[in-house]
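Q: Return atomic coordinates for the entry below.
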Amino acid sequence: MRFTRTSKALGIMAIAALALTGCGAGGGSNDGASQAAGDPNKVITAYNGEPQNPLMPANTNETSGGHVVELLFEGLRSYDADGKPVNAVAESIDSPDAQNWTIKVKQGQKFTNGEAITAKTFVDTWNFAANSKNLQNNGFFFESIAGYEDVSAVTTEKSADGKTTTTPAPKAETMSGLTATDDSTLTVKLAQPEADWSLRLGYSAFYPLPSAALKDPKTYGENPVGNGPYKFEKTGSWIHDQSISLVKNPDYSGPRAAKNGGVTFKIYTDPSPAYTDLQADNLDITDVLPSNATKTYVTDFPDRNATKAVASNATLDIPDYNPNFQGEAGKLRRQALSYAINREEITKVVFNGTKMPAKAFAPPVIAGFKDNLKGSEVLKFDAAKAKDLWAQAEKIKPYDGSKPLQIASNTDGGHKEWIDAVANGFKNNLGIQAEIQPFAKFAEVLNLRKSQSLPGLTRSGWQGDYPSLYNFLGPVWATGASSNYEKYSNPEFDKLLKEGLAAKTTDEANAKFNQAQEVLFQDLPGLPLWDYTRPIVWSSHVVKAETGWNGGILYYDITAK
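A: So this is what the prediction gives:
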C-alpha cells in the first residue's frame, strides 16, 4: 500500500492529525550536525520481504514490493514526512469544479533510459493500469475517471463449489475522461466531482511507465526502469529471495533527493535473523521487529531507534465463502469472535505497547477519524457476550469444528505470537480450536486470498496509500476493489462511499465515510485488531532515519557513515 493526497484543506487537516505522532529515543540523533557527518555515497542495507509480483507500480499492492517501487519511481505528486503533498513531476494540478482537472507536466523529465516523460506517458500508463485485460492489482484506483467502467469491465461466474471467477471483458481500450492535449498538458474528467481526487496522485498506481513496460510488463518488472531517486544497480539486481540492489539516480531532481549512495534490500522470511544481523551491524535498518524485541529494542539500540503512531492497522478477515460464517448464524459468530479477542491485553503483553487497540476500521492519525461509531462496541473484550452470541449461532446452525479454525499468516512479519494469543482466546472463551496457518512469504498468503482458497481466516493489514479515511475503506472493502480479496459486497456501503467522494467539503465526506464504517460493523467482513505505533531500529552505521506518515521508512532520507 502506498500514498496520495492533494487539496489544500485536506493537506492541512492531515498534518494537524499527524501532529499527534511522537518520536522515541532515536529522535536525538536526527539533528543537523549529525546529518552533516553522513556519507552521501554510502549504500545502506534494509530489511524486506520478497515482492509478490514483478515490479510494476500498478500491480504492486503489498509493502515488500512497494518499498522498492516507491524508490524507483516518481509520480505527479510526492509527500513529505508529515504527509504534506508537494508537486513532483507535476508543475501544477488545477480544477474549477472538482470534476474537470488540468495537470501540467514539468518539461525535461526523463526515465533513466533517456525516454521523455510527457502528458501522453501518463495517459498510456493509466489506461494500461485500468484495463482489466492487463490484470493490474491497482486498476481500481482509476475508478473515478470517466470511462473507467468501460476499460475495466469483467464477466463474473460462480462455480458449483461457490467460488467466484472473473474474466477480463473491456468494452474500450482507453478511458474517455483522459486526454493529452500537448506534451505537457494532461486533462482528466471524472465521472462525478471529487474534491480530493488529486490527493491520490502520489500513490504508486499513478506512477508513469516507459513504453517498454507496456509492451512486455513481465520482463520489464524484473528489471524496471523508472524516474525516481534510485535505479537498479545493474540488470539482474533483483536476486529473488536474496536481495534487491538500488543505487542513487544522479539525474533525479525531485523533492526526494537521496542522502545516501543506494539501498540494498536484504530479503528475509523471519524478522529474528534480521534483528540479530542489525545487532551485529550486518544490516542497517528494519521496520519489522520480532515480537520478543518489542520489549528490548530501546535498550538494544539506545539512541538508534524511533517510534511514532502511523497510518497503518491490522485486521482479522473472515471470508464470506466459509460456511461457518454465512447467514444469520455467521453474523453472530463474527461478533462472538470479535468479543473473544482481548485487544488491550495483547497490545500490552505481546506488543509491549507498540500497537494500540483498534477503535474503528481506520487509525486515529487519519483526519476525520471518529471513535464510538455505532457497532464498534464489538471491539471490546467481553467473554460472556462472546459465549452468548456463539450459543445463539449454534441454535441456528451448528458450527463445523471437525478441524481447527486456521488463521493464515506470513511468518516474516512477527505474527505468530499474537495469533497464538488470539487462538487461545477463541479456545478459552468460545470452546473452539484455532491455530496459525503459516507461510514463509506474505505473497503466498495474498495468492491464497486472491484465489479464494482460504480454509479459515486470514490476518491482514493496511498501510495508508494517501492520508484519507476513504483509502482505508474503498480499496479494501468496496465491491470489486483491488485489495478486497475476500469479495465483500454491500450496496449500502458502496453508496455511502460514493456519496462521500462527491461531498463538497471534507467534513461532509468524512461523515459519509464514518457512516460507511457503521455498515462494516454490522457485517464484520473483517475484525479490526489494532493500530500501529511503528518502531524502527538502525545500526551504528546510520546517522539519521525516520518513518513517514504511514509508517514507511524514508529510505532516501537516511544518512550513513
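Q: what's the distance between the residue in the chain sticking out farthest from the centre and Ala360?
A: Most distant from the centre of the chain: Lys395, at 39.3 Å, with distances by CA atoms, centre = their mean. Lys395 is 31 Å from Ala360, where distance means CB to CB, to the nearest Å. Just so you know, the C-beta spots here come from the backbone N, C-alpha and C atoms, and that holds for glycine as well.
Q: before we move on, what about Gln522?
A: Distance of Gln522 to Ala360, given as CB to CB: 14 Å.
Q: between those two, which one's more packed in?
A: The neighbour comparison of Gln522 against Ala360 (other CB atoms under 10 Å) goes to Ala360, with 25 against 15.
Q: Which helix or strand contains that one?
A: In the assignment (DSSP states H and E), Ala360 maps to no helix and no strand.
Q: and the gap between it and Trp530?
A: From Ala360 to Trp530 the distance is 12 Å (CB to CB).
Q: Would you agree Ile267 is in contact with Pro273?
A: No: the pair Ile267 / Pro273 is not scored as a contact, 11.2 Å apart, by CB atoms under 8 Å.
Q: Compare these two and say which is more crowded by neighbours.
A: Taking other CB under 10 Å, Ile267 and Pro273 do not tie; Ile267 has more neighbours (20 against 15).
Q: check contacts around the closest residue to the more buried one other than its chain neighbours.
A: Excluding the flanking residues, the one nearest Ile267 by CB to CB, 6 or more residues apart in numbering is Glu50, at 5.2 Å. When contacts are counted by CB atoms under 8 Å, 6 or more residues apart in numbering, Glu50 touches Ser64, His240, Asp241, Ile267, Thr269, Lys441, Ala443.
Q: go with 10 Å
A: 64-65, 238, 240-242, 244, 265, 267-269, 412, 440-444 (CB atoms under 10 Å, 6 or more residues apart in numbering).
Q: Sitting in helices, which of the residues you listed do you find?
A: Ser64, Gly65, Phe442, Ala443, Glu444 (DSSP state H).
Q: The last one and Gln52 touch, don't they?
A: This points to Glu444. Yes: applying CB atoms under 10 Å, one finds Glu444 in contact with Gln52, separated by 8.7 Å.
Q: picking up where we left off before, shared neighbours of Ile267 and Pro273, which are they?
A: Tyr47.
Q: So which bits of the longest helix along the chain are buried?
A: In the chain, taking DSSP H as the definition, the longest helix is helix 506-523. Under the neighbour-count criterion of 16 or more other CB atoms under 10 Å, helix 506-523 has 506, 509-521, 523 buried.
Q: Start from the N-terminal end of the stretch 201-350 of the chain and give the helices.
A: 211-215, 217-222, 271-279, 297-300, 327-339, 343-349 (DSSP state H, counting those that start in this stretch).
Q: deepest of those helices, which one?
A: Burial of those is given as mean neighbour count (mean count of other CB atoms under 10 Å); helix 327-339 ranks first at a mean of 21.
Q: Which elements pack onto that one?
A: strand 305-317, helix 383-396, helix 416-430, helix 506-523, strand 526-538 (3 or more CB pairs under 10 Å, 6 or more residues apart in numbering; DSSP states H and E).
Q: shared neighbours of Gln522 and Ala360, anything?
A: Gly375.
Q: so Gln52 touches Asn447, yeah?
A: Yes: Gln52 is within contact range of Asn447, at 7.4 Å (criterion: CB under 10 Å).
Q: Looking at the two, which is more packed in?
A: More crowded of Gln52 and Asn447, by other CB under 10 Å: Gln52, with 21 against 15.
Q: Distance-wise, check the more buried one relative to Pro357.
A: Applying CB to CB to Gln52 and Pro357 gives a distance of 29 Å.
Q: repeat for Leu337
A: Leu337 is 15 Å from Pro357, by CB to CB.
Q: Ok, Ser451 next?
A: 32 Å.
Q: Of those two, which one has the most company?
A: The residue with more neighbours, out of Ser451 and Pro357, is Pro357; 19 against 11, by other CB under 10 Å.
Q: Local confidence estimate at that one?
A: If you check Pro357, the pLDDT there is 98.
Q: Numbering from 50 from now on, please.
A: Sounds good: first residue 50 from here, last item Pro406.
Q: Leaving out chain neighbours, which residue sits closest to it?
A: Arg392 (3.8 Å).
Q: Cool, thanks, signing off.
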